[in-house]
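Colleague: generate coordinates for the sequence data below:
(one chain, ligands or ions: 1)
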Amino acid sequence: MQFAARAEQAPPLTERPQWRSLQQHYRDIEPQHLRELFASDGERGERFTAEAAGLYLDYSKNRINGETLRLLIELAEACGVSAATEAMFNGEKINVTEQRPVLHVALRAPRSERIVVDGHDVVPAVHAVLDRMSAFSDRISNGDWTGHRGKRIRNVVNIGIGGSDLGPVMAYEALRHYSHRDMVFRFVSNIDGTDFTEAVRDLQADETLFIVCSKTFTTLETLANARAARQWCLNALSDEAAIAKHFVAVSTNKAEVVKFGIDAANMFEFWDWVGGRYSMGSAVGLSIMLAIGAEQFRAMLAGFRAMDEHFRSAPPARNLPWLHGLLAIWNNDFLGASTTAVLPYEQYLKRFPAYLQQLVMESNGKRVSVDGAVVGCQTSPIVWGEPGTNGQHSFFQLLHQGTRLVPSDFIGFCRTDNPLGEQHDLLMANLFAQSEALAFGKTADQVRAEGTGDALVAHRTFEGNQPSNTILAEQLTPQALGSLVALYEHS
Ligand code: F6P
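Modeller: Model prediction:
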């Protein structure tokens, strides 16, 4: 039976016996503090961990026990998550509102794989575009492709918004260590003219390439900025012929690209089965490839692929996206948290929370289910965050001593690309100390034992019991970034 038909026949989520069992189970968990859960189970810190595709997930600081996991997995099984996963990987039209497959996994499939959509294997086309991107990227970096006046391209400006901006800018920042340092990369998204004006203020048109990146090529902001870029280019170069050397397009819509004035030969294609927020591994990632080179871009895709394979094949209890996703449902729908803080202890991931806002909230925010029925529970948590340790000096006080339940994802890397004295050790020590303090808090007795006078005890007490995940990898490589993004995509 097809995905959509199955979804229509399914009982509402909150009326399922598995949901009710979890509600019942919450009553057992609710009075237990994370301090007690750890004290009563010496192996908890090792048992509630999982590892795959170069990522290590420690979820022991969630307010769960073995039974919670068992019930959550039962719920997911009853909802047909495994079958839906297979439907996605097999190219079924699981995007029921647009009658399209959801096939970002095909973007990182090896050449040898076959994924058939409407009778056509899509994998050869994916690799043909990747090959064209690689050739173009090589031509830019070796100076073979020059601007209209024969100058080397030194500046790349990506114009796009939403999924056509957030992935590229996040990944460019994340992988800056791997980027061509003799080139400048800028990202323009906002209709606010300030965005474009500031982005090009110090650039020379004769050495600047614009990538107009838009799935539909009809998005107001992107087209307005693309027109501004065109005019800026013409003002400086005074020749229509310059457009062909200074503009390329990334889109699914060839007709609109040509109508805008970009040669179809300078268009990098992707397909309607790639959702905007899942598109950074497609031609939408052209700016990433120009920054880090084709080889590293493919290493990033290999990281995505490793997580895809893990997600598809690992048993739920050891499956990182399953665990991460189910814990989000537990925290959001049973414990009543309404937000999730994403806290990368890695400066290069400074745009990761913004990227996840679209990925998570545009995916899971809708108040109706696939069958159009209003869901009887909270949808996506509100995602927000900042890199550590900066966040510690702004909003952490509320997390530690406020009234709200705020689950967090701590993300860290064992090795840094920028060793500076002991600073990386201090950074990681902060990550571990913060997740520990959020979980275990500091009781009034502990505060008193430190010699605090009665008047200040309440002010120095930390309630604790705040759930968190810790996600660790060896180093922030292109491969690790791919795995990390794919973890959140599937979650
Ligand atoms: O407004 C949301 C959205 O539709 C996203 O899903 C998409 O990533 C973005 O707009 C940009 O759309 P396009 O790539 O077609 O310009």
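Colleague: list the contacts for the residue of the stretch 251-400 of the chain found nearest the ligand?
Modeller: Minimum separation of the stretch 251-400 of the chain from the ligand (CB to the nearest ligand atom) falls at residue 276, amounting to 2.4 Å. Heads up, the C-betas are built off the backbone N, CA and C, glycines and all. By CB atoms under 8 Å, 6 or more residues apart in numbering, the contact list for residue 276 reads 162-164, 215, 284, 358.
Colleague: one more: residue 191?
Modeller: 220-221, 224-225 are the contacts of residue 191 under CB under 8 Å, 6+ apart.
Colleague: can we see that at 10 Å?
Modeller: Counting by CB atoms under 10 Å, 6 or more residues apart in numbering, residue 191 makes contact with 161, 219-225.
Colleague: restrict the residues you listed to those near the ligand?
Modeller: 161, 219, 222 (CB under 6 Å from any ligand atom).
Colleague: near residue 453, how many residues? Count them for me, please.
Modeller: 9 (other CB atoms under 10 Å).
Colleague: up against the ligand, what does the chain have?
Modeller: Residues of the chain lying near the ligand (CB under 6 Å from any ligand atom): 161-164, 214-216, 219, 222, 276-277.
Colleague: any of the residues you listed buried? List them.
Modeller: 161-164, 214-215, 219, 222, 276-277 (16 or more other CB atoms under 10 Å).
Colleague: take those and keep only those in helices.
Modeller: residue 222 (DSSP state H).
Colleague: can the buried ones among the residues of the chain next to the ligand go into JSON lines with extra columns for pLDDT?
Modeller: Converted to JSON lines, these look like this (pLDDT from 0 to 100):
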{"residue": "161", "pLDDT": "98"}
{"residue": "162", "pLDDT": "98"}
{"residue": "163", "pLDDT": "98"}
{"residue": "164", "pLDDT": "98"}
{"residue": "214", "pLDDT": "98"}
{"residue": "215", "pLDDT": "96"}
{"residue": "219", "pLDDT": "98"}
{"residue": "222", "pLDDT": "98"}
{"residue": "276", "pLDDT": "97"}
{"residue": "277", "pLDDT": "97"}
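Colleague: now for the buried ones among the residues of the chain next to the ligand: which two are most distant?
Modeller: Taking CB to CB, the two most distant members of those are 222 and 277; they sit 15.4 Å apart.
Colleague: so what's the residue count around residue 35?
Modeller: With other CB under 10 Å as criterion, residue 35 counts 14.
Colleague: who touches the closest residue to it other than its chain neighbours in this structure?
Modeller: Excluding its sequence neighbours, the residue lying closest to residue 35 (CB to CB, 6 or more residues apart in numbering) is residue 440, at 5.3 Å. Contact analysis of residue 440 by CB under 10 Å, 6+ apart lists 33-35, 38-39, 61, 446, 462, 464-466.
Colleague: out of these, flag the one nearest to residue 90.
Modeller: residue 61 (36.2 Å).
Colleague: confirm the closest one sits in a helix?
Modeller: No: in this structure, residue 61 is coil, not part of a helix, as judged by DSSP: H, G, I helix; E, B strand; the rest coil.
Colleague: run a quick check on residue 486 versus residue 53, I expect a contact.
Modeller: Yes: here residue 486 reaches residue 53: they are 7.5 Å apart, a contact under CB atoms under 10 Å.
Colleague: now do the strands in this structure.
Modeller: 49-52, 55-58, 116-117, 120-121, 155-159, 184-188, 208-213, 247-251, 267-269, 339-344, 382-384, 408-413, 468-473 (DSSP state E).
Colleague: where does pLDDT dip in the chain?
Modeller: Counting by pLDDT under 70, the chain has low-confidence residues at 1-8.
Colleague: stretch 23-30: how far from the chain's middle?
Modeller: The chain centroid and the centroid of stretch 23-30 are separated by 31 Å, computed with CA atoms, centre = their mean, to the nearest Å.
Colleague: also stretch 350-366?
Modeller: 7 Å.
Colleague: let me have the residues of the chain next to the ligand in JSON lines, extended by distance to residue 372.
Modeller: Shown next, in JSON lines, are these (distance: CB to CB, whole Å):
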{"residue": "161", "distance to residue 372": "28"}
{"residue": "162", "distance to residue 372": "24"}
{"residue": "163", "distance to residue 372": "24"}
{"residue": "164", "distance to residue 372": "28"}
{"residue": "214", "distance to residue 372": "29"}
{"residue": "215", "distance to residue 372": "24"}
{"residue": "216", "distance to residue 372": "24"}
{"residue": "219", "distance to residue 372": "26"}
{"residue": "222", "distance to residue 372": "30"}
{"residue": "276", "distance to residue 372": "22"}
{"residue": "277", "distance to residue 372": "22"}
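Colleague: need the max-distance pair from those.
Modeller: It's 222 and 277 that sit farthest apart of those, by CB to CB, at 15.4 Å.
Colleague: can you pull the contacts of residue 356?
Modeller: Residue 356 neighbours (CB under 10 Å, 6+ apart): 166, 170, 277, 340, 342, 383-385, 409, 485, 488-489, 491.
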